[in-house]
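Q: Next come a sequence and a model predicted from it.
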Amino acid sequence: MSDLFSAAGLEKDVPGPLADRLRPRRLDEVAGQEHLLGPEGALTRLVAAGSLGSLIFWGPPGTGKTTVARLLANETKLAFVQISAIFSGVAELKKVFEEARARRRLGQGSLLFVDEIHRFNRAQQDSFLPVMEDGTVTLIGATTENPSFELNAALLSRARVLVFHALSEEAIEKLLARAEAIEGRPLPLDEEARITLRRMADGDGRAALTLAEEVWRAAREGEIFSPATLVQVAQRRAPIYDKAQEGHYNLISALHKAVRGSDPNAALYYLARMFEGGEDRLFIARRVVRMAVEDIGLADPQALLIANAAKDAYDFLGSPEGELAIAEAVVYVATAPKSNAVYRAFKQATALAKEHGSLMPPKIILNAPTKLMKNEGYGSGYRYDHDEPDAFSGQDYWPEILGPQTIYEPTSRGFEREINKRLDYWARLRKERNG
């Protein structure tokens, strides 16, 4: 159908999206990727050398990955072929490879750009290896996901990963200025609304231009939008956050480390980011419980109770009220005294148990339910602690081969100060009573 419109000369009268009309025609027009395209940029050096090699472009949406790939094909005189892993299967890949081989026989190289390459399965990714190795295609794969997790090691070993950054507000502003120049009119925004629009774009150049188009369409004659009006008109674009992929892991890691670092303000910020991105609230609540046991431990035994209570409160209340319970728990664990003494002690105890296998406990602490066991000395000499002075016998409970070990060493923070006092007291009694 598109070809029919083109043949009739009608398609040229239909204005395309602003993002397409502003698509750079040269590499030096690409905004926000100076580390790749500046005078000393990695891609600038590759183009100057006249050989690209296969590449993986990793970065968020709207940062110019497709545009740069197309312009690189022009710079290196390669035929540009674009496919998407979302819509392509094995049959289309075979066809693309055969066409590339035919071009190669005629002396024409091919730059194959694969969008969303991480969506291909392992076997499909492996199918690129032969045509990369024999030079049939120069592969450029684009992905928004961490290649280390999503791409085969064999594919990664044959390609260089280049990172595209989210556009800064300065780069977004340059795009908006170019849009105004092409449209021949300013955006109907006051200064604060313009700042809001740049932030709403969330580092995505395409999103910024789409928002600009929405503003021009919605504004009445002479109207200037405030931030509140802009948010209402644009219906607030959702944050770039894939709760099943890297954004999920990045933000939960940031939240956990902010709590561990006793920064409640940063912790609340990352919590809000995850809420805004639609993260599963119970996933967050479970992680807060983990923080309580892993990073606070017995320095504040209340932390685990509060974290569990927040999970139960969210289960009972749901959104949005239940989210406040999770926020309260996050602030509590962020401001609680920290100790990973039990965490370290448990790891050490586990290692000790694995190393020494099935050692028999001392017979004094074994029950003797049969006469034979009693005759063998099971339970003989056991002293019931509650009948001892201070409810403490001080007996040795360790396997004879190991002897007493010190595994748990409480800190001097929070409630563990009290635990330290008790352990010191019992150590003195044990020494006195056992010589």
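A: Looks like it came in fine.
Q: would you list every one of the helices in the stretch 151-300 of the chain?
A: Along the stretch 151-300 of the chain, counting by DSSP state H, counting those that start in this stretch, helices occupy 153-157, 169-183, 191-200, 205-218, 227-234, 246-260, 264-276, 281-291.
Q: Could you pick out the longest helix of the protein?
A: The residue-count maximum for a helix in the chain (DSSP state H) belongs to helix 416-434.
Q: shaky segments in the stretch 251-400 of the chain?
A: For the stretch 251-400 of the chain, not a single residue meets the criterion pLDDT under 70.
Q: Mind doing that once more with 80?
A: When residues are selected by pLDDT under 80, those of the stretch 251-400 of the chain lie in 277-278.
Q: so who does P188 touch?
A: 215-216, 219, 223-225 (CB atoms under 8 Å, 6 or more residues apart in numbering). Placement of C-beta: from N, CA and C, glycine included.
Q: can you give me the strands for the chain?
A: Applying DSSP state E to the chain gives strands spanning 55-58, 79-84, 110-115, 138-143, 160-163.
Q: Mind checking the pLDDT average for the fourth one?
A: Strand 138-143 comes out with an average pLDDT of 94.
Q: name the helices or strands packed onto it?
A: strand 55-58, helix 65-75, strand 110-115, helix 128-133 (3 or more CB pairs under 8 Å, 6 or more residues apart in numbering; DSSP states H and E).
Q: 10 Å instead?
A: Judged by 3 or more CB pairs under 10 Å, 6 or more residues apart in numbering; DSSP states H and E, the packing partners of strand 138-143 are strand 55-58, helix 65-75, strand 79-84, strand 110-115, helix 128-133, helix 153-157, strand 160-163.
Q: buried set for it?
A: For strand 138-143, burial by neighbour count (16 or more other CB atoms under 10 Å) applies to 138-143.
Q: Kindly indicate which of those residues lies nearest E170.
A: A142 (23.8 Å; CB to CB).
Q: and the gap between the closest one and F164?
A: 9 Å (CB to CB, to the nearest Å).
Q: Same check on L429?
A: L429 is 65 Å from F164, by CB to CB.
Q: Those two: who's more crowded?
A: It is F164, of L429 and F164, that has more neighbours when counted by other CB atoms under 10 Å, with 22 against 16.
Q: Do I have it right that that one meets L55?
A: No. Counting by CB atoms under 10 Å, F164 does not reach L55; the two are 11.1 Å apart.
Q: Quick check: neighbours shared by the two?
A: Shared contacts of F164 and L55 (CB atoms under 10 Å, 6 or more residues apart in numbering): 68, 142.
Q: shared neighbours of A142 and F164, which are they?
A: 57-59, 61, 63, 65, 68.
Q: which residues touch I296?
A: 259-260, 302-304, 307, 332-334, 336-340, 342-343, 413-415.
Q: Name all residues that make contact with the residue lying closest to it once chain neighbours are set aside.
A: Distances taken as CB to CB, 6 or more residues apart in numbering put A303 closest to I296, at 4.3 Å, once the chain neighbours are dropped. By CB under 10 Å, 6+ apart, the contact list for A303 reads 288-289, 291-293, 295-297, 329, 332-333, 335-338, 414-415.
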